[in-house]
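*Asks:* Need the 3D shape of this:
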Amino acid sequence: MKVSLIQMNSQGDLDANLATAVSMIEKAVASERPDLVVLPEYFAYLEDGPANMHSSGEAFPGGRIHATLSDLARRSGITLHAGSIVEREGNRHFNTTLVFGPDGAEIARYRKIHLFDVDTPNGISYRESDSVGRGEEVVTYEVGGRTVGCAICYDIRFPELFRALRDKGADVIVLPAAFTLMTGKDHWEVLARARAVETQTYFLAVGQTGTHAGGRKACWGHTMAIDPWGHVVAQCSDTVGMVSATLDFDYAAKVRADVPVANHHVL
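*Replies:* You can find the predicted model right below:
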């Protein structure tokens with residue numbers, strides 16, 4: 001499986017962000033011919049405050065973001081893991097991943113389970129629960145006969161979710177993120193590699209980079225693909241861009257045969 005991971009610096013302009021995402025996907029398809037393309041968390045709109053975030057939300061299907069990405073996946077013949085956007089359901093909102101198959105059909109929808117309510121070491125507070133509600137379902141989908149598991153950003157700190165994805169047969173786990181600069185510099189790679197090692201899956205961690213919210217907040221970036229042994233096999237530099245990797249499932253099978261942790265769970 002060939003994957004292309006898109007690293008963005010989204011702001012509070014939905015039109016501009018969506019145009020950037022489409023352009024970057026089209027460039028990745030033209031140059032890399034991937035099977036799976038992944039966008040970061042909140043790729044279509046990244047701003048501060050519940051009212052701002054809610055303003056970008058849409059009900060599925062039928063919204064402009066949903067329709068644009070569905071059409072792009074169909075035209076490009078790819079599976080498109082559309083990071084996350086704000087989903088509106090009546091008076092409720094969720095941080096939601098959409099996945100579109102090569103025919104443009106929506107094949108998966110994952111609502112973020114663990115919400116980021118944190119006071120960071122540099123004094124900045126994040127209250128994601130002020131903007132969105134909590135999801136409840138563990139979600140996977142298929143690409144070329146391989147099972148892909150869904151997670152979003154802060155989920156990375158909760159290994160029980162990734163154990164559940166592995167138990168559902170995940171060969172690949174995708175985690176779009178807008179990981180903060182202060183926590184990212186110490187925890188992003190450590191946690192991502194740990195999740196890959198313990199699940200023995202390919203782990204695709206796809207981030208926002210740079211500042212947003214008028215420069216008041218910053219994301220770590222460092223989008224990366226990690227193999228089932230925990231090695232980083234591809235990584236973005238500290239800028240907007242794209243990185244690709246080829247996932248070798250024969251190697252994944254060897255890792256699982258050599259250290260069969262899935263057969264040794266007792267709890």
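
*Asks:* For residue 23, what is the enclosing helix or strand?
*Replies:* For residue 23, the host element (DSSP states H and E) is helix 14-32.

*Asks:* State the next helix or strand along the chain beyond that helix.
*Replies:* strand 36-38.

*Asks:* on contacts alone, who are the packing partners of that following strand?
*Replies:* Secondary-structure packing of strand 36-38 (3 or more CB pairs under 8 Å, 6 or more residues apart in numbering; DSSP states H and E): strand 2-7, helix 14-32, strand 79-81, strand 172-177. Backbone N, C-alpha and C define where each C-beta goes, glycine included.

*Asks:* Which strands and helices lie in contact with the longest one?
*Replies:* Which is helix 14-32. Using 3+ CB pairs under 8 Å, 6+ apart: helix 14-32 touches strand 2-7, strand 36-38, helix 64-76, strand 241-246.

*Asks:* can you put these in CSV and add mean neighbour count, mean pLDDT and distance to residue 54?
*Replies:* Conversion of these to CSV gives the following (neighbours: other CB atoms under 10 Å; pLDDT from 0 to 100; distance: least, CB to CB, whole Å):
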stretch, mean neighbour count, mean pLDDT, distance to residue 54
strand 2-7, 25, 98, 25
strand 36-38, 27, 98, 25
helix 64-76, 18, 98, 14
strand 241-246, 18, 98, 30
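
*Asks:* if we can go back for a sec, give the buried residues for the helix holding residue 23.
*Replies:* Going by neighbour count (16 or more other CB atoms under 10 Å), the buried part of helix 14-32 is 14, 17, 18, 20, 21, 24, 25, 28, 29, 32.

*Asks:* What is the neighbour count of the nearest residue to the first one once chain neighbours are set aside?
*Replies:* The one in question is residue 14. Leaving aside its sequence neighbours, residue 14 sits nearest to residue 45 (CB to CB, 6 or more residues apart in numbering; 4.9 Å). By the criterion of other CB atoms under 10 Å, residue 45 has 23 neighbours.

*Asks:* Pretty sure residue 45 sits against residue 53.
*Replies:* Yes: with contact defined as CB atoms under 8 Å, residue 45 reaches residue 53; the gap is 7.0 Å.

*Asks:* Please enumerate the shared neighbours of those two.
*Replies:* residue 86 (CB atoms under 8 Å, 6 or more residues apart in numbering).

*Asks:* Of the buried residues of helix 14-32, which is the nearest to residue 121?
*Replies:* Top of the list for closeness to residue 121, among the buried residues of helix 14-32 and by CB to CB, is residue 17 at 28.3 Å.

*Asks:* measure the closest residue to the closest one other than its chain neighbours to residue 28 for me?
*Replies:* What sits nearest to residue 17 in space, not counting adjacent residues and going by CB to CB, 6+ apart, is residue 10, at 4.6 Å. Distance of residue 10 to residue 28, computed by CB to CB, to the nearest Å: 17 Å.

*Asks:* Helices along the protein, start to end?
*Replies:* Along the chain, counting by DSSP state H, helices occupy 14-32, 50-55, 64-76, 159-167, 181-199, 249-258.

*Asks:* show me what contacts residue 29?
*Replies:* Here residue 29 is in contact with 4, 37, 76, 78 (CB under 8 Å, 6+ apart).

*Asks:* Please disregard the earlier target; I meant residue 145.
*Replies:* The contact partners of residue 145, by CB under 8 Å, 6+ apart, come to none.

*Asks:* Next, give phi and psi for it.
*Replies:* Dihedral pair for residue 145: phi 80, psi 0, per degrees, to the nearest 10.

*Asks:* Averaging pLDDT per element, find the lowest-scoring helix or strand in this structure.
*Replies:* For the chain, scoring each helix and strand by mean pLDDT, DSSP states H and E identifies strand 125-127 as the least confident one, at a mean of 82.

*Asks:* Listing partners with orientation, what would you give for that one?
*Replies:* strand 117-119 (antiparallel) (DSSP bridges).
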